[in-house]
Every structure is written in C-alpha cells, then in structure tokens.
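Undergrad: Sharing a model that was predicted from the sequence below.
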Amino acid sequence: MSALEFQEVSKKYDGRMALSRLSFQIERGERIVIHGPSGCGKTTVLRLLAGFLAPDEGSIRIEGKEVGANGKVCIGPESRRIGMVFQDLALWPHLTVNQNLEFALKAQGLEAAVRKERIGEVLARVRLGDLGELYPARLSGGQQQRVAIARALVAQPLALLMDEPLSNLDDDLKDDLSSHLLELHTRLGFTLVYVTHSKEEMKKIGTRAILLRDGKEVSG
Amino acid sequence: MKRATLYAAVAVLMGVGLIPICLMIASSLWADGAVSVKNYVEILGNTRTWILFRNSLVLSALTTAAAGIGGVMLGILVTKTDLPMGKTLAAVFSLPLLFPPYILAVGWFQILGSGLPFGLPGAVLVLGPAFLPIVLLLTITSLRGVNPALEEAGRLSCGWPGVLTQITIPLIKPGILLSLVLVFLLTMGEFGAPLFLRLNVFPVASFTQSSAFYNFGAATTAAMPLIAVVFAGVLLQQHALHKRTFSFRWGGQQTLGRIPLGRKTPLVLLAVVSLAVVTVGLPLAGVLWRGSSLTALHEAFQRAGGSAMRSFLYAGIAASVLSLLGFFLGYLVHRRALRGWWLVDAAALFLFTTPGTVLAIGLIALWNHPSSNWVYATPAIVIFGFVAQYAALSIRIFVAGFSQTSPSLEEAAEVAGAGWFRRVFGVLMPLAKSAMLTSWTVTFVFCLRDSALPLLLAPPGADDLTARTLTLMANGSAELIAALCVIAVLLALVPLGALGLGWRLWNKPA
C-alpha cells in the first residue's frame, strides 16, 4: 500500500486545466520532488494532497484510504495527518513559537504535559530549543523556516508537504536548511513531498522526481 | 514644493478642525477673566451631567454590542461561508450607512406609531442597524486581508470553528476593535435619532444649550466629557494598531475555499434574510409607504426643495475638497512623508469621531466674529465642518489606493526629472483615480447624511435637507416627514447609482 497516491487526477481553475489525468504513487519514507516551471501545477498537487482542493476527476488516496475523488473532499485536511510548510511559511503572527506548535497538538486532545514535552523535543531537533516564547516576527528568516518545519512535524504526520520553502532564502541558508531537512528525514523517516522549480534543490533533496509541465507529467 | 504642499494640507486640517476644538478646550478653562477650572467644577458637580453621561454611555455600549455582534457574525457569514446571495445581503445591511439614522426612526414610527419604544430601547433598535454596516464592512475588509495560508495551516490540524476562533478572529481583531471604537464614538455623538426618540443624551443637550438657549459657554463645557471620551477612544485605537494605519482594502485575494454550510444553508439564509427585513427592510418600507404619495412628495418639494438642492451642493463641494485634501494627506500617511505622520492620521480620526455638535460649537466659537462673517454667515462654515469631520474617511481611502501602487512608479518619474506637481498630476493622480472616485462618493454620502453640522452651522435661509427635516419634525405631518425622508434616500441613491453606472461604462472593455 502506497503512502500517497494520485489516480488520473484532473483539476481545472476557471476553465483552465491545471492538472490533467495525473497519476503517481509515493511509498512510505520516500523523498519525492515535484519539479517544473511556474504555473505547471506543482502547488495544485500539494493543495489536493492537503485537502484544500477537491479533484475534479480521479481519486486521491492516503495510506490506501480515499480522501478526495470526483469533485469531493472525502476526508478534510484536519483528518489527513498531513504536515505542510508553506511558501510564505504562514506562521501565525499572534502566537508565540510554542503556541504555533501547540495549536496542532491541542486539536489532537493531548494533555498539557505531553504537549510541552513534544514541543520541547521538536524544537530541540530543529535547534530552536530556547526560542519558544518568542513571536515569529522576532526571529530571523532561517529560524522562521525551522519553526515552520517544526510546526509541520510536531503532530507526527504521515507525510510532510513543502511548497518551495527555501525560495526566499540566500544560498548559504538554503544549503544549511536543506542539509538539516535531510538529517531530520533520516531520523524521523517521514514521507516527504517537496515542490521546487530549482534543479539544485531537486537533486539534493529528492530520491525521485516527478516532472510537471502544463499540468501533465513529463519524462525527465 | 512637496513638503510645502503636504504642510499646507496639514494646515487645512488643523484650521478647519483642530484649532476650533483647541479653542473650545482653552475657552472651557477660562472663567471670570482668568484661567480656571470653575466651569468643570460646575459641570461635574451637576447631577444632570452625570445622567446625560450615563445615558450616552449606556446607549453607546448597547449599540456597540448590537452592531458588533451582528456585524462580525454577518461579516464572517458573507465572506467566509458559501451562504447564497452573500454580496446582496451585505449590500442590504449596508444601506443604512447611506442615510441619516433618524430615517430608520421615522420608518419605525410610521409602522409602529405610538407603539414605537421611545427612549433607550428605541434608540438601540435604530442605531444598532444604522451603525452595523461599519462593523460589517470593516470585518469584511479585514477578513479579505487575511493571508489564506494562515487559515490553511490551521485547517491541517482542526476544523473551521477552531480556525475561526483561534486564527482568523484574533488576526482581524484590530479591524474589529477599530470598528467597535468607531461605532461607540459615533453613537456618543449621534444627534438626530436620539432627538427624534426623545432620549436625552450629551449631543442633544449641547444642541439645546447652543441652539435654543444661545448659551455657548454651557454648550462648550458640556461638550468636554464627549471630547475626553473621543480622545480616549482614539488613543485606544492607536494603541491597538501600534502606529500602523488601518486601511480599507478592495478586491482582496481569497484562494481558500469557503466554509460549506451544508444542510444548514436554508436555515442560516432564512435567519439572515429575516434579520435584513426586520432591521432594514421594514423601516425603509415604512418611510416609503407613508412618504411616497404624490401629495406628500409635492408638499415636501415645496417646503424643502431648495434645501434638497443645497444638500446636494454642499455635499458635492465638500466631497471635492475632501478628495483633494485626502489625496495629499493620504499620500503623507502612506509614504510617511513627514515626521509625525501618524499624528495626522490620529487627528483626522479624532475629528471623525468628535460629535458634530461639538465640532459645530468649536467652529462657531472660532468664526463668529464680525471680521470673519465671510465664513460664519455663509455656507462656507458648513463646508469647513464637513471637511474637518470626514477627512479621515478620505485619508484612509487614499492610503488604501496608494498601497496598491508601487512607490517606484513615482520614483521612476522623479529620476526622469519630473517635478513634484508633474508627478502628482501625471503619475499619482491617474494611478489613484479609483481611490479618488471612491473618496468622492463615500464623503459625498457622509456629508449628505450629516444632520448635526448643517443644523447648527447653516446660516439662516441656507439650511440643507437634514436640517430642514429635523426642524419640520416639530410641527410637520407624519406624511411630510416621511416624504422628506424619501427625498433624502433618493438624494443618496440616485447619484450613487449614476456614478456606479458611469464608472462601469467608463471601464467597460472595448
């Protein structure tokens, strides 16, 4: 059984075809990079996986369970056990780092002591152990990136989706963070779906790549 | 040249609004030929002051609660859910913003007659829906400004109720707080509806003192608690926004799907439509029912046709001045072009929320001298009042307009050697044409619906429609008053409709 699966998925926006009969399977623990030029449908794949969009045609499965098919979201984003790092990070500015991480854990109904322990662990993993009480605006770009990763991982998701997370950073920071991401992946073993238009990132992060052009998979 | 123009714009705002208020405050501290707090001792020691203050506070608190709860809930429903006819419903709930609130009171009176609850309940029934559009529109504009990714990030962990309460609403809190402060302060200064509903509140007392008893000293001192409340409100707003300025946005991006109401859709729609019918539809229908007979309209035109024309003229002139002033002050605030830019923004907000009766008394105190009769004895003083009161609206609209264009467009012209005025007329104004039209329209409507300023400031024989209507309320028939309200409604709707149509035709793709 695959961790994530697209079967003949199509999606249109205002009559324009964003994805056309796209099929792929991603195995547990794999690191997949979805690569292609702007507007090729990369982000749409992530939004469909997360449950923010419903496929117009075809079906999407997570761990064998159909989560979206033929115009319907069968299982909502909150029940898919997916973590996501957004292109603009989307850290909640009115919450501290700890509160950003705690949000997902509270929704799981975990007790305060368990939440605190889990947050401490994840922040230590991303090397932000002592910054939990700060608001995101007080952090540097690299630190914010790590908080976004920590927030996505704290609820122990089945898969981590990343939407061009390094595109706004300088080269040194990109190198540092991508290495750190690989290190985390090795330790935690999550399934990673990483969207980028950078060939360098594709080569460094992916064990396999799906190349998209005009909403269709093309062979590399 | 640029600094001189901006300083001149600031000077205009100070001249028409801040100096009169400062003069009032100074004169309240002057008694028996010396600086003294005697006036305050007298007014604060008077039980009637505290009764008026309590009435004003209770009315404002209840109106703010009603408008706040209704406005935020409706704003969320029409913006975040898939409720059918959301835009139409928002437009219907926003209608009362176009007319003076007393029109709703007159409408209810036509329907309920003597059964209308006068006093506090009636005032809340009228002012709640009258000011609900402020909360509704600011909630909508705030929601449109929320980055959808912030909500999507929340949706990965919990359902919509959790996202709304823990992410969305906290993020739009400054907008909601601003709207609540505005409603509270505008209710404190509301004059026409409490007058009609026989609720004795501060602005009515100020009006009575100045207009009926010609006691400007008492009126000035009586206005001081209102100024203090307004000042506190503006400070609260500035604190909440941390020296940022809240700007109206239009055409905000919403890429996130709307919250599906599912099987609850018919029930929610029925509830919202019923609320619209009860709070807006019924009172307006009441006005139309009694006031649209040919006899009543004929009499209304005979007795107030000139006033209606003057309303249109005063509002048109004031809106034009305000759009020009708002352009420069909006530029100043948006680009932070002078030190203390936020003081200009705060001062404009202070003047916007200062009750019209207070502003009018200040203007009378400043201009009522033989040497300045060219202002005091002419409609110019009404225009001054409008400019002072509504500059904040124009400024905020231009701030929103400027935020949608890149400063580099002006910089490119500057590098190419264009001077300040060439940049203004060749680059900035063409880019801000939508904001210019919006500013003109919004300020036109607000000037048109104002009742306190024209009533207190218009020279004899030069009153406008709202002043005329409030004057005729004392002895005019119910049909006549309703007909005057119908004319007021048409006076706002017809030009707005024409402007909207013209704008569509102008922007129609070839």
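TA: Arrived safely.
Undergrad: In the lowest-mean-pLDDT helix or strand in chain A, which residues are buried?
TA: One helix or strand of chain A scores below all others by mean pLDDT, DSSP states H and E: helix A:171-188, with a mean of 84. With burial defined by 16 or more other CB atoms under 10 Å in any protein chain shown, the residues of helix A:171-188 counted as buried are A:174, A:177-178, A:180-181, A:184-185. For the C-beta atoms, the positions are set from N, CA and C on the backbone; glycine is no exception.
Undergrad: centroid residue for chain A?
TA: By CA atoms, centre = their mean, chain A has its centre lying nearest to residue A:161, at 1.5 Å.
Undergrad: Let me know the helix or strand that it is in.
TA: Assigned by DSSP states H and E, residue A:161 falls within strand A:159-163.
Undergrad: which other helices and strands contact that strand?
TA: Judged by 3 or more CB pairs under 8 Å, 6 or more residues apart in numbering or on different chains; DSSP states H and E, the packing partners of strand A:159-163 are helix A:42-50, strand A:82-85, helix A:141-154, strand A:191-196.
Undergrad: Which residues outside that strand are in contact with it?
TA: With CB atoms under 8 Å, 6 or more residues apart in numbering or on different chains as the contact definition, strand A:159-163 has outside contacts at A:3-4, A:26, A:42-43, A:46, A:49-50, A:62, A:81-87, A:149, A:152-153, A:181, A:190-195.
Undergrad: Buried subset of these, written for PyMOL?
TA: Buried subset of the contacts of strand A:159-163, written as a PyMOL selection, criterion 16+ other CB under 10 Å:
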select buried, chain A and resi 3+4+26+42+43+46+49+50+62+81+82+83+84+85+86+87+149+152+153+181+190+191+192+193+194+195
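Undergrad: Okay, now the unreliable bits of the chain?
TA: Picked chain A for this. Applying pLDDT under 70 to chain A picks out residues A:220.
Undergrad: think we crossed wires, I meant chain B
TA: Counting by pLDDT under 70, chain B has low-confidence residues at B:209-219, B:222, B:238, B:240-257, B:508-510.
Undergrad: swap the cut-off to 50 and go again
TA: Chain B contains residues with pLDDT under 50 at B:250-254.
Undergrad: Flag every residue of it that's near chain A.
TA: Contact residues (CB under 8 Å from any CB of the partner chain) of chain B with chain A: B:147, B:149-150, B:152-159, B:162, B:166-167, B:170-171, B:173, B:256-257.
Undergrad: let's see 10 Å
TA: Taking CB under 10 Å from any CB of the partner chain, the part of chain B that reaches chain A is made up of B:147-160, B:162-163, B:166-167, B:170-171, B:173, B:255-257, B:260.
Undergrad: What are the boundaries of the helices in the stretch 351-500 of chain B?
TA: Taking DSSP state H, counting those that start in this stretch as the test, the helices found in the stretch 351-500 of chain B are B:356-367, B:373-376, B:380-403, B:407-415, B:420-423, B:429-431, B:433-449, B:452-457, B:465-472, B:478-506.
Undergrad: Could you give me the buried positions within the last one?
TA: Along helix B:478-506, these residues count as buried under the neighbour rule (16+ other CB under 10 Å): B:479-489, B:491-492, B:495.
Undergrad: tell me which strands and helices that helix is in contact with?
TA: Packing partners of helix B:478-506 (3 or more CB pairs under 10 Å, 6 or more residues apart in numbering or on different chains; DSSP states H and E): helix B:102-112, helix B:282-291, helix B:294-335, helix B:433-449, helix B:465-472.
Undergrad: between the last one and helix B:478-506, how big is the angle?
TA: If I follow you right, that is helix B:465-472. 170 degrees (axes from the mean of the first three to the mean of the last three CA atoms, to 10 degrees).
Undergrad: if we can go back for a sec, restrict the contacts of strand A:159-163 to contacts with chain B.
TA: Filtering those for proximity to chain B (criterion: CB under 10 Å from any CB) leaves A:50, A:81-87, A:152.
Undergrad: In contact with the residue lying closest to residue B:158 once chain neighbours are set aside: list those residues for me.
TA: Ranked by CB to CB, 6 or more residues apart in numbering or on different chains and with sequence neighbours excluded, the top spatial neighbour of residue B:158 is residue A:107, at 3.9 Å. Neighbour list for residue A:107: A:78, A:155, B:154, B:156-159, B:162-163, B:166 [criterion: CB atoms under 10 Å, 6 or more residues apart in numbering or on different chains].
Undergrad: Just name the closest of those to residue B:280, please.
TA: Top of the list for closeness to residue B:280, among these and by CB to CB, is residue B:163 at 30.4 Å.
Undergrad: could you dump the strand holding residue A:161 to PDB, C-alpha only?
TA: Only the C-alpha atoms of strand A:159-163 are listed here, as PDB (Å, rounded to 0.1, in the frame of the first residue of the first chain):
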ATOM      1  CA  ALA A 159       3.700  13.000   5.200                       C
ATOM      2  CA  LEU A 160       5.300  16.400   5.100                       C
ATOM      3  CA  LEU A 161       4.500  18.600   2.100                       C
ATOM      4  CA  MET A 162       6.800  21.500   1.400                       C
ATOM      5  CA  ASP A 163       5.900  24.200  -1.100                       C
END
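Undergrad: now that strand, how far from the chain's geometric center?
TA: Strand A:159-163 sits 1 Å away from the centroid of its parent chain (CA atoms, centre = their mean, to the nearest Å).
Undergrad: got the angle for it vs strand A:191-196?
TA: 10 degrees.
Undergrad: Near residue B:459, how many other residues are there?
TA: Residue B:459: 14 surrounding residues under other CB atoms under 10 Å in any protein chain shown.
Undergrad: again, but for residue B:26
TA: By other CB under 10 Å, 11 other residues sit near residue B:26.
Undergrad: helices and strands around the helix or strand harbouring it, which ones?
TA: Residue B:26 belongs to helix B:19-28 when assigned by DSSP H and E. Judged by 3+ CB pairs under 10 Å, 6+ apart, the packing partners of helix B:19-28 are helix B:38-44, helix B:216-241, helix B:341-353, helix B:356-367, helix B:380-403.
Undergrad: Could you dump these into TSV and include distance to residue B:179 and mean neighbour count?
TA: Formatted as TSV, these follow (distance: least, CB to CB, whole Å; neighbours: other CB atoms under 10 Å in any protein chain shown):
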stretch	distance to residue B:179	mean neighbour count
helix B:38-44	31	15
helix B:216-241	10	20
helix B:341-353	12	23
helix B:356-367	20	26
helix B:380-403	12	26
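Undergrad: Which of these sits closest to residue B:323?
TA: Closest to residue B:323 of the helices and strands packed on helix B:19-28 is helix B:380-403 (CB to CB; 6.1 Å).
Undergrad: hmm, back to that, mind listing what's buried in the helix holding residue B:26?
TA: Neighbour-count burial for helix B:19-28 flags B:19-21, B:24, B:27-28 (criterion: 16+ other CB under 10 Å).
Undergrad: any idea what sits nearest the residue nearest the centre of chain B, other than its immediate chain neighbours?
TA: Closest residue to the average C-alpha location of chain B: residue B:446 at 6.0 Å, with CA atoms, centre = their mean. Leaving aside its sequence neighbours, residue B:446 sits nearest to residue B:390 (CB to CB, 6+ apart; 5.1 Å).
Undergrad: for residue B:456, same thing?
TA: Take residue B:456 and drop its neighbours on the chain: the residue closest to it by CB to CB, 6+ apart is residue B:360, 3.7 Å away.
Undergrad: correct me, but the one you found touches residue B:455?
TA: Yes - the pair residue B:360 / residue B:455 is scored as a contact, 8.0 Å apart, by CB atoms under 10 Å.
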